[in-house]
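Enquirer: Sequence first, predicted model second:
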Amino acid sequence: MALPTHASRLERIWHYTYLVICAAIFLFLIAPILVVIPLSFNAEPYFTFTEKMLKLDPTGYSTRWYDLLLTFGMTDPEAPRGWSWWADTWSNAAWINAAKNSVIVGFFSTVLATVLGTVAALGLSRPEMPGRRVIMAILISPMIVPIIIVATGLFFFYSSIGIQDWGIPYLGVILAHATLGIPFVIITVTATLVGFDHSLTRAAANLGADPVTTFLRVQMPLILPGVISGALFAFVTSFDEVVVVLFVGGLDEQTIPRQMWNGIREQISPAILSVATILVLISIALLTTVELLRRRSEKLRGMSPQ
Amino acid sequence: MSDATLSQATAVNEPSAGLTTADGKPLKQALLRAQSHARRRAFLLVAPLLAFILLTFVMPIGQMLHRSVHNEGFTWHEDVTTGHRTPIMTNLSQWFDDNPLGTEPDEAAFAALAADLVVLREVKAAGQAGTRINYERSGSRSMFTKAARRANKLEAPYKEALLELDEDWVDPSLWRVMRDASSSYTANFYLAALDRTKDADGKVTQVNENRQVYVKLFKRTLFLSIIITLLTLILAYPIAHLLATLPLGKSNLLMILVLLPFWTSLLVRTTSWMVLLQSQGVVNDALVGMGLLGDENRLEMMYNQMGTLIAMTHILLPFMVLPLYSVMRPINPSYVRAARSLGATSWTAFRRIYFPQTVPGIGAGALLVFILAVGYYITPALVGGADGQLISNLIAFHMQKSLNWSLAAALAALLLGGILILYWLYDRLVGIDNLKLG
């Protein structure tokens, strides 16, 4: 993108204007996400920078909203902070419980989506797969169909089969989140399978490996980065999903997004911003992992990065 | 893996039909068997997931859509505790079967109605039946509950007896609605979803002007989605171009700025916009602080269409950048250079050489953003206020508040139909295989 030396003055002006425009767009993309981080340390219950904050006065900042995340819902938040205080937090604090629920739902739906999705992607990437196009379209559709339609459909379906009475907690939400995560697993795994050298599996078979060994020792290591990124996508999808939880989740099935949703709708407090900050940090960690995996996958498959 | 070797062998030897395999079978037959075996194996790998999706996704949605044409509110009553089902309004429905549309309800009709009201009273279904009629003719629910309460005291002549309770019982439009509702299957909810209704003669007409909400909302959803698609395109094009032309090391770094929003929770991003756009929020404070805005005329950027537009543009922007980038990256820069050296101005070179090569990316991104925008729910619900709501929000309203589930299903069916057409188009033009995530 370097400017050639023979560029005219007008072109130079345009070039720098263009760079400024791009910078502004990048700012538009990233600023809203970063702005919540400092605001979550606000000492006042406002959603804007106070004068003290702008002057970088330490008294303008506090971790009180993070503290509130721990104490909200506790039986005795005023107790001295010892072992029993933490035990109380762990078992009673609303946000901690929501986090636990989110992790449970996320974990099981991710496992389900990843296993089913990976196996299916193996089948879909075989050239002899019948009806590939239609099946692929059906499997990807949970990503396209508006979430409200999915949620309404599941609401009626679950109540007609009485899933709440089956005695398996979170079952409805886990199944629904697995469905929503599956397209991501399919997309990432089939992407790693594109350009997969099938002579490798033939070579393995030739050397006496049975199909299972071939899969575990030859295919799996090569597609593993794709599988893991797919799993992370599925987990994030579940971890961020609120509408289905609202429609089909039981009253005690509070997840982080649901708790946030309630918080935003009722009385938005800066505690929401501290949750948001934590979630942003988690997404930074996940993004880094996925990027590293992608590079590793390209290296493994001998593809130069495009 | 012997199938593969076989297929290669035939590729060389075809069309010699007389060949046999080592164990004496005709080669063609063995090959066909091997191929169908491979097909079956591939399908078996996909089958569990396909079954799962059909069961937890396709079937529930199908079942829900069925509700848009099927409503038993006026035909069956199901006891909540025992699950016992009783047919209701049987006499009236018999009368409707015997008399064609347009027949003035006679004493027999009112007698049938009175008999059915007694049943309604017995099984406590007056509210349910009244609600079903109320969907199409407001004010009817109370007529039913009131009449059912006194059903036992009604005596012939029934017409006069009912008229004494409420003179609306002779209203022809009420009888038209009852006639339609007395069969479980109806298309009336689709009519309602399109701001249409049937008049007393069964002719389809527009509803009263001040009750026309749905078509307006569909139009608004389309309009806002188009604007959002255009905005994301305008914003995404320059940065996708920058990312595609920078050296890889730098562009990977800048790509993080696109991917981080993509990975960040939707609720977090919506919350951030609420924080930024509030009238006491960061943007307004900054504008006031810089003296660009008086303290008393702070901008109203949230709880209206503006809020929905800004937040959704931001949230959907990565979905536009990524397809554009993947189309722009492989474009060979020497084409533009060649155009320049042949005398084209930089604008002409862009317009005639560069831009046409990016059209597939524009198509892919625009379709994807549009499809996602049309069905958006969370962001409009939180920052949209009254006039920034989209059709999804209305479906949620009928699901949770007004409890007119058949109408919700009809609206959902219309929305889903539109989206599936676009999805089909996307598959045609772009191919679902080319969907990429970062």
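Expert: Received the coordinates, thanks. Since this is a predicted model, take the numbers as computed values, not measurements.
Enquirer: For A:Val280, grab the count of nearby residues.
Expert: 23 (other C-beta atoms under 10 Å in any protein chain shown). In short, each C-beta sits where N, CA and C put it, glycine included.
Enquirer: Run through the residues that contact it.
Expert: A:Ile33, A:Leu34, A:Val36, A:Ile37, B:Thr264, B:Val268 (C-beta atoms under 8 Å, 6 or more residues apart in numbering or on different chains).
Enquirer: Validate this expectation: it resides in a strand.
Expert: No - counting by DSSP: H, G, I helix; E, B strand; the rest coil, A:Val280 falls outside a strand, being helix.
Enquirer: ok, now how distant is it from A:Val36?
Expert: 7 Å (C-beta to C-beta, to the nearest Å).
Enquirer: Could you tell me which residues touch both of these two?
Expert: B:Val268.
Enquirer: Please save the CA atoms from the helix or strand of chain A with the lowest mean pLDDT in PDB.
Expert: Every helix and strand of chain A was ranked by mean pLDDT, DSSP states H and E. The lowest is helix A:51-54, at a mean of 80. The C-alpha trace of helix A:51-54 is given here as PDB (Å, rounded to 0.1, in the frame of the first residue of the first chain):
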ATOM      1  CA  GLU A  51     -14.000  14.400  36.000                       C
ATOM      2  CA  LYS A  52     -11.900  12.500  38.400                       C
ATOM      3  CA  MET A  53     -11.500   9.700  36.000                       C
ATOM      4  CA  LEU A  54     -10.400  12.100  33.200                       C
END
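Enquirer: list the buried ones in that helix?
Expert: Buried positions in helix A:51-54, judged by neighbour count with 16 or more other C-beta atoms under 10 Å in any protein chain shown: A:Met53.
Enquirer: Name the next helix or strand downstream of it, please.
Expert: helix A:64-71 (DSSP states H and E).
Enquirer: Dump that next one to PDB, restricted to CA.
Expert: C-alpha atoms of helix A:64-71 as PDB (Å, rounded to 0.1, in the frame of the first residue of the first chain):
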ATOM      1  CA  ARG A  64     -16.600  -1.800  43.700                       C
ATOM      2  CA  TRP A  65     -18.600  -3.200  40.800                       C
ATOM      3  CA  TYR A  66     -16.400  -6.200  40.500                       C
ATOM      4  CA  ASP A  67     -16.900  -6.600  44.300                       C
ATOM      5  CA  LEU A  68     -20.600  -6.400  43.700                       C
ATOM      6  CA  LEU A  69     -20.500  -9.300  41.300                       C
ATOM      7  CA  LEU A  70     -19.200 -11.400  44.100                       C
ATOM      8  CA  THR A  71     -21.400 -10.100  46.800                       C
END
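Enquirer: How far away from the center of its chain is that helix?
Expert: 24 Å (C-alpha atoms, centre = their mean, to the nearest Å).
Enquirer: Let me see the contact set for residue 57.
Expert: All of this refers to chain A. A:Asp57 is in contact with no residue at all, counting by C-beta under 8 Å, 6+ apart.
Enquirer: that answer is for a different chain, and I need it for chain B
Expert: A:Ser141, A:Pro142, A:Val150, A:Gly153, A:Thr179 are the contacts of B:Phe57 under C-beta under 8 Å, 6+ apart.
Enquirer: Now do the buried residues in stretch B:320-329.
Expert: B:Met320, B:Val321, B:Leu322, B:Pro323, B:Leu324, B:Tyr325, B:Ser326, B:Val327, B:Met328.
Enquirer: Could you count how many residues lie near A:Leu216?
Expert: Neighbours of A:Leu216 (other C-beta under 10 Å): 11.
Enquirer: hmm, back to that, most widely separated two among the contacts of B:Phe57?
Expert: The span of the contacts of B:Phe57, defined through C-beta to C-beta, is set by A:Ser141 and A:Gly153 at 12.2 Å.
Enquirer: more neighbours, these two?
Expert: Set A:Ser141 next to A:Gly153 and count neighbours by other C-beta under 10 Å: A:Gly153 wins out with 29 against 21.
Enquirer: Could you say which helix or strand holds that one?
Expert: Counting by DSSP H and E, A:Gly153 is found in helix A:147-161.
Enquirer: quick check, the longest helix seen in chain B touching chain A?
Expert: Longest helix in chain B, counting residues (DSSP state H): helix B:214-245. Yes - using C-beta under 8 Å from any C-beta of the partner chain, helix B:214-245 comes into contact with chain A via B:Leu235, B:Pro238, B:Ile239, B:Leu242, B:Thr245.
Enquirer: which one of these has the most neighbours?
Expert: B:Ile239 (26 neighbours).
Enquirer: ok, that one - contacts?
Expert: B:Ile239 neighbours (C-beta under 8 Å, 6+ apart): A:Cys22, A:Ile25, A:Phe26, B:Leu254, B:Val258, B:Val321.
Enquirer: Show me those that map onto helices.
Expert: Using DSSP H, the contacts of B:Ile239 in helices are A:Cys22, A:Ile25, A:Phe26, B:Leu254, B:Val258, B:Val321.
Enquirer: Adding pLDDT and distance to A:Asp76, write those out as JSON lines.
Expert: Below are the ones in helices among the contacts of B:Ile239 laid out as JSON lines (pLDDT from 0 to 100; distance: C-beta to C-beta, whole Å):
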{"residue": "A:Cys22", "pLDDT": "95", "distance to A:Asp76": "54"}
{"residue": "A:Ile25", "pLDDT": "96", "distance to A:Asp76": "50"}
{"residue": "A:Phe26", "pLDDT": "95", "distance to A:Asp76": "47"}
{"residue": "B:Leu254", "pLDDT": "91", "distance to A:Asp76": "50"}
{"residue": "B:Val258", "pLDDT": "91", "distance to A:Asp76": "46"}
{"residue": "B:Val321", "pLDDT": "94", "distance to A:Asp76": "50"}
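Enquirer: out of these, which are buried?
Expert: A:Cys22, A:Ile25, A:Phe26, B:Val258, B:Val321.
Enquirer: So which of these is the closest to A:Thr48?
Expert: A:Phe26 (23.1 Å).
Enquirer: Apart from its neighbours in sequence, what residue is nearest the closest one?
Expert: B:Leu257 (5.0 Å; C-beta to C-beta, 6 or more residues apart in numbering or on different chains).
Enquirer: My understanding was that that neighbour contacts A:Phe28; is that so?
Expert: No - with contacts counted by C-beta atoms under 8 Å, B:Leu257 stays clear of A:Phe28, the gap being 10.1 Å.
Enquirer: so the residue nearest to A:Tyr170 when sequence neighbours are not counted, which of the three states?
Expert: Spatial nearest neighbour of A:Tyr170, excluding adjacent residues (C-beta to C-beta, 6+ apart): A:Val105 at 5.3 Å. When classified by three-state DSSP, A:Val105 comes out as helix.
Enquirer: Report the separation between A:Val105 and B:Ile53.
Expert: 19 Å.
Enquirer: Mind checking which of these two has more residues around it?
Expert: Comparing A:Val105 with B:Ile53 by other C-beta under 10 Å, the one with more neighbours is A:Val105, at 26 against 23.
Enquirer: tell me the contacts of the more buried one?
Expert: Applying C-beta under 8 Å, 6+ apart, the residues near A:Val105 are A:Tyr170, A:Val173, A:Ile174, A:His177, A:Ser238, A:Glu253, A:Thr255.
Enquirer: repeat that with 10 Å
Expert: Applying C-beta atoms under 10 Å, 6 or more residues apart in numbering or on different chains to A:Val105 gives the contacts A:169-171, A:173-174, A:176-178, A:235, A:238-239, A:241, A:245, A:249, A:253, A:255.
Enquirer: what are the ranges of the strands in the stretch 101-250 of chain B?
Expert: B:196-198, B:204-206 (DSSP state E, counting those that start in this stretch).
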